[in-house]
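> here is a sequence with its predicted model. Questions after.
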Amino acid sequence: MHFILLCLLVFTALPAPAEWYTREEAIMGTSVRVELWHDNAMTARAALSAVMDEMHRIDAGMSPYKPDSELSRINREAAHKPVPVSQEMFDLIARSIEFSKLSDGAFDITFSSVGYLYDYHEHVKPTDAQIAKALPGISYRHLQLDPKARTIHYGRPGVRIDLGGIAKGYAVDNGIAILKDRGITNALVTAGGDSRLLGDRRGRPWNIGIRDPRRRDDVALVLPLADVAISTSGDYERFFEEDGVRYHHIINPRTGKSASGVRSVTVIGPNGVTTEGLTKSVFVKGPKEGMRLIESLKGVDAIIIDDAGRMLYSPGLRDAVREKPESVAPKLGTAR
């Protein structure tokens, strides 16, 4: 049985049939994996390369860590004047604002106004005074978009944006679109915790394993899926612990601190932009309000693992979930 473990574990079949082609690269600060079926090796390899090229292109424009990226230019200039942006960037920021409104501000790309003060690798967190000073910069309402001029302007100094909560979902959507254009009918594209499935796995579902948030090589549950997007966000992706407190990268826009009450959120839906945006929204809103948001929407389902390790399922998943399946060994993949 073939499993893919979102957000950190990738299960690979032993061995893959000759018609399956796979490539994996480190892009956007995570592992990007493409797997597809085709009966022509040259066509398959060209398709793999095209998807990886697209991932690199998106990373080059949307990375907050590359000083020459379009996003970095916006953050440098938009507090001082309206900044012309590409149509792609304009549309993705506009989509992000839609998620902010939908989630009552739980999703907010201006979280970076405080978020940049954290360094999870170096175990650095801002002081309460630093958070208090930077916190007024967090609000999607500071983002002033002009559709006619195609510009963005920040409404106050100190505002920063980061598309890390939506860009990987956008990237996997683009990857699948490229494969469809090339006649591929069975594939998956994964970027970290965000995956998009094209068709099934040649007559079988893709069996998607969701990582146990506290046991990095273990599987909490498995979902048989096809032709959907699925995203998982967890407090184990980028974090450190200090004095019994876990500081992780999913920031509550209202407090400027790591969101609490949840260990991981998985959302299944029609596309990666939707599922990734909703995982962050639900995580910040918490189990009760987050599930209420999911149940108010059509075409999406969610699994929430709360801070006590309990699993909560939206109604559409209660019959599909297999928790801790006996057929899955504890270590079938490599943590990333």
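Good, I have the coordinates.
> show the subsequent helix or strand relative to the helix or strand bottoming out on mean pLDDT in the chain.
Ranking every helix and strand in the chain by mean pLDDT, DSSP states H and E puts strand 3-6 at the bottom, with a mean of 53. Using DSSP states H and E, the helix or strand that follows strand 3-6 in sequence is strand 20-27.
> ok, now which ones touch residue 52?
By C-beta atoms under 8 Å, 6 or more residues apart in numbering, the contact set of residue 52 is 23, 25, 27, 32, 34. Backbone N, C-alpha and C define where each C-beta goes, glycine included.
> what angle do the helix or strand where the last one lies and strand 20-27 make?
Spelled out, that is residue 34. Taking DSSP H and E as the definition, one finds residue 34 inside strand 30-37. Inter-element angle recorded for strand 30-37 and strand 20-27: 160 degrees (by axes from the mean of the first three to the mean of the last three C-alpha atoms, to 10 degrees).
> mind listing residues that contact strand 30-37?
4, 10, 19-26, 44, 47-48, 51-52, 55, 168, 171, 175, 179, 184-192, 198, 202, 336.
> packing partners of the longest strand anywhere in the chain?
Of all the elements of type strand in the chain, the one with the most residues (DSSP state E) is strand 215-225. Under the contact criterion of 3 or more C-beta pairs under 8 Å, 6 or more residues apart in numbering; DSSP states H and E, strand 215-225 touches strand 3-6, strand 206-212, strand 322-323.
> just checking, what packs against the second one?
Right, strand 206-212. strand 3-6, strand 215-225, strand 229-234, strand 262-269.
> compare the ones you listed and report which one is nearest to residue 124.
strand 229-234 (20.8 Å; C-beta to C-beta).
> how far does the closest one sit from its chain's centre?
Distance of strand 229-234 from the chain centroid (C-alpha atoms, centre = their mean, to the nearest Å) equals 6 Å.
> residue ranges with poor pLDDT in the stretch 1-150 of the chain?
Applying pLDDT under 70 to the stretch 1-150 of the chain picks out residues 1-18.
> quick one, helices of it?
With helices called from DSSP state H, counting those that start in this stretch, the stretch 1-150 of the chain shows them at 41-62, 70-77, 87-102, 112-115, 128-134.
> most tightly surrounded among the ones you listed?
A comparison of those by mean neighbour count, using mean count of other C-beta atoms under 10 Å, puts helix 112-115 on top with a mean of 25.
> how near is the closest residue in space to residue 130 that isn't next to it in sequence to residue 134?
Spatial nearest neighbour of residue 130, excluding adjacent residues (C-beta to C-beta, 6 or more residues apart in numbering): residue 117 at 5.8 Å. Per C-beta to C-beta, to the nearest Å, residue 117 is found 7 Å from residue 134.
> what of residue 25?
Plainly put, residue 25 is 34 Å away from residue 134 if you go by C-beta to C-beta.
> same question, residue 145
With C-beta to C-beta as the criterion, residue 145 and residue 134 are 23 Å apart.
> ok, for the spatially most central residue of the chain, nearest residue in space, not its chain neighbours?
For the chain, residue 276 is the residue whose C-alpha lies nearest the centre (C-alpha atoms, centre = their mean; 4.3 Å). Using C-beta to C-beta, 6+ apart and skipping residues adjacent in sequence, the residue nearest residue 276 is residue 169, 3.2 Å away.
> alright, calling it a day.
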